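Trainee: just need the structure, nothing else, for what follows:
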Amino acid sequence: MSDKKEKFDLNVHTARLLQAEPFFAAFSRRINKVASNIVPTAGVRVNPTTQKFELFYNPDYFNTLTDSERTDVLKHEFYHLIFEHVTSRKPEDVAPRIWNFATDLAINSHLSNLPELCLKPGVGPFEDFPTGLSAEAYLKLLQKMQEEDDETLSDASQFDSHDDWGESGETGDQQEQANDIARERLKDYLKKAAEEASKGNSGWGDVPQDVRKDILARLKTEVDWKKVLRYFIKTSTRASKALTVKRLNKRYRYIHAGKKVTRMARIAISIDQSGSVTDEMLSAFFAELTKLAKLATFTVIPFDTRVEESLIYEWKKGQSHRTERVMQGGTCFDAPTDYVNKKGFDGHIILTDLMAPKPKASRCQRLWMTTKRYALNPWFETNERVIAIDV
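Mentor: All right, here's what the predicted structure looks like:
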């Protein structure tokens, strides 16, 4: 019989490790987990191609940990995402190593079963640091420590990988837009995890009360509907990938072939033609669609109680279209849903006042856009995203 340990597969154990943590369990299901010997311990990042969150972990390292240590390492990495350390730019004129220490100290204040060598307030060189501060507050303490005695920090070591934080693979405005998409995805994940935690018997598990309040407060903040539109279109996009040796894989050079990605998205825009959908609302929506045509080709579907196929048109890149009302009647959401389901679109956006019965299920992700007035008083309840347009 061999004494060699079986390779640790985090995907097999995650549900068991987070059984007593409903919030983290719900959040974890939405994070891709990738085994890799490139990272010595673990780390999280935003995939530069998909803008989805990934957790890289070293199976050999996880084999050395107890279950309680594995659980806290998972929570440590998820906290980096929750606190937006991964999707925000690092503070200017700050050494990355010091900022990394600050983020770890902020997170580890909330964890009691971490492995050795993890930085913790009140322990080792940080014995005078109070617990429960933000990363920005710990950064100030670390900068003061560095000014007084630079040797103290030289012996400290970073526990996990913080590579690729705030990096999307793009530059300038494109990178900021990619980070915006990742942040919108994060809000969506947090909302769903918070809803699951609130319904369960175990509640939020060991998530501290102040962290819970912070998460819920962030979910209540005003949403930029233009960013949500970009996020929706990006996440509806189907990626056609082909392996190629001409383009190196940036993370695993000469190990895995690179990928050439061609993005194609077919988005249906269904526009409610009833009179309660105002001209101002239509104008604001069309103005943003003109910009978003750079990301996808839209099929515009006017509807009332039916879809008149002769009025449907394709909105291609670089085109502009005049806002106009071409039908006038009641509202039935089954009509555009049937059409979109039949034609196999990647995403479906419905501009409406929500004043009609709940429609049948959609085969692709569906987004509802309306005004604040109707968003607060919808005819039906839905778990799908509802965004209010300011007009």
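
Trainee: roughly how far does the nearest residue to residue 332 once chain neighbours are set aside sit from residue 357?
Mentor: Excluding its sequence neighbours, the residue lying closest to residue 332 (CB to CB, 6 or more residues apart in numbering) is residue 305, at 4.4 Å. For every residue, glycine as well, the C-beta is placed using N, CA and C. Distance of residue 305 to residue 357, computed by CB to CB, to the nearest Å: 11 Å.

Trainee: for residue 111, same thing?
Mentor: Taken as CB to CB, the span from residue 111 to residue 357 is 48 Å.

Trainee: the more surrounded of these two?
Mentor: Taking other CB atoms under 10 Å, residue 111 and residue 357 do not tie; residue 111 has more neighbours (17 against 10).

Trainee: tally of neighbours for the residue lying closest to that one once chain neighbours are set aside?
Mentor: Excluding the flanking residues, the one nearest residue 111 by CB to CB, 6+ apart is residue 72, at 4.6 Å. Number of residues near residue 72 (other CB under 10 Å) recorded here: 23.

Trainee: list the contacts of residue 72.
Mentor: 111, 112, 113, 114, 115 (CB atoms under 8 Å, 6 or more residues apart in numbering).

Trainee: assign it to helix, strand or coil.
Mentor: Look at residue 72: counting by DSSP: H, G, I helix; E, B strand; the rest coil, its state is helix.

Trainee: and the next helix or strand past the helix ranked longest in the chain?
Mentor: As assigned by DSSP state H, the longest helix anywhere in the chain is helix 172-199. Moving toward the C-terminus from helix 172-199, the next helix or strand (DSSP states H and E) is helix 209-219.

Trainee: all helices of the stretch 251-391 of the chain, in order?
Mentor: 279-292, 334-343, 372-376 (DSSP state H, counting those that start in this stretch).

Trainee: send me the second one as PDB with only the CA atoms.
Mentor: Extracted as PDB, the C-alpha positions of helix 334-343 are listed here (Å, rounded to 0.1, in the frame of the first residue of the first chain):
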ATOM      1  CA  ASP A 334     -45.300  36.000 -22.900                       C
ATOM      2  CA  ALA A 335     -45.300  37.300 -26.500                       C
ATOM      3  CA  PRO A 336     -41.600  38.500 -26.500                       C
ATOM      4  CA  THR A 337     -40.500  35.700 -24.300                       C
ATOM      5  CA  ASP A 338     -41.900  33.100 -26.700                       C
ATOM      6  CA  TYR A 339     -40.100  34.800 -29.600                       C
ATOM      7  CA  VAL A 340     -36.800  35.000 -27.800                       C
ATOM      8  CA  ASN A 341     -37.000  31.400 -26.600                       C
ATOM      9  CA  LYS A 342     -37.700  30.200 -30.100                       C
ATOM     10  CA  LYS A 343     -34.900  32.200 -31.700                       C
END
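
Trainee: quick revisit: I'd like the helices of the stretch 251-391 of the chain laid out as JSON lines, including mean pLDDT and distance to residue 10.
Mentor: Compiled in JSON lines, the helices of the stretch 251-391 of the chain are given as follows (pLDDT from 0 to 100; distance: least, CB to CB, whole Å):
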{"stretch": "helix 279-292", "mean pLDDT": "76", "distance to residue 10": "37"}
{"stretch": "helix 334-343", "mean pLDDT": "94", "distance to residue 10": "36"}
{"stretch": "helix 372-376", "mean pLDDT": "77", "distance to residue 10": "39"}
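
Trainee: from those helices, which stretch is densest packed?
Mentor: helix 334-343 (a mean of 18; mean count of other CB atoms under 10 Å).

Trainee: who are the packing partners of that helix?
Mentor: Of the remaining helices and strands, those touching helix 334-343 by 3 or more CB pairs under 8 Å, 6 or more residues apart in numbering; DSSP states H and E are strand 266-272, strand 297-303, strand 347-351.

Trainee: parallel or antiparallel, list what pairs with the last one.
Mentor: Its sheet considered, strand 347-351 pairs with strand 266-272 (parallel), strand 365-371 (parallel) by DSSP bridges.

Trainee: for it, the distance to its chain's centre please.
Mentor: 20 Å (CA atoms, centre = their mean, to the nearest Å).

Trainee: list the buried residues in it.
Mentor: Residues of strand 347-351 classed as buried under the neighbour-count rule (16 or more other CB atoms under 10 Å) are 347, 348, 349, 350, 351.

Trainee: next, the distance between the ends of stretch 48-63.
Mentor: 29 Å (CA to CA, to the nearest Å).

Trainee: how far off centre is it?
Mentor: On CA atoms, centre = their mean, the centre of stretch 48-63 falls 15 Å from that of its chain.

Trainee: got it, and stretch 97-112?
Mentor: That offset, for stretch 97-112, works out to 22 Å (CA atoms, centre = their mean).

Trainee: do a quick rundown of the strands in the protein.
Mentor: With DSSP state E, the ranges of strands along the chain come out as 32-35, 42-46, 53-57, 238-248, 257-264, 266-272, 297-303, 313-315, 347-351, 365-371, 385-389.

Trainee: looking at the protein, which helix or strand does the model trust least?
Mentor: strand 238-248 (a mean of 48; mean pLDDT, DSSP states H and E).

Trainee: how far away is residue 79 from residue 16?
Mentor: 20 Å.

Trainee: higher neighbour count, those two?
Mentor: More neighbours surround residue 79 than the other of residue 79 and residue 16, with 22 against 11 (other CB under 10 Å).

Trainee: wait, what's in contact with the more buried one?
Mentor: 107, 110.

Trainee: 502 is where my numbering starts, stick with that
Mentor: Renumbered: residue one is now 502, and that last one reads residue 580.
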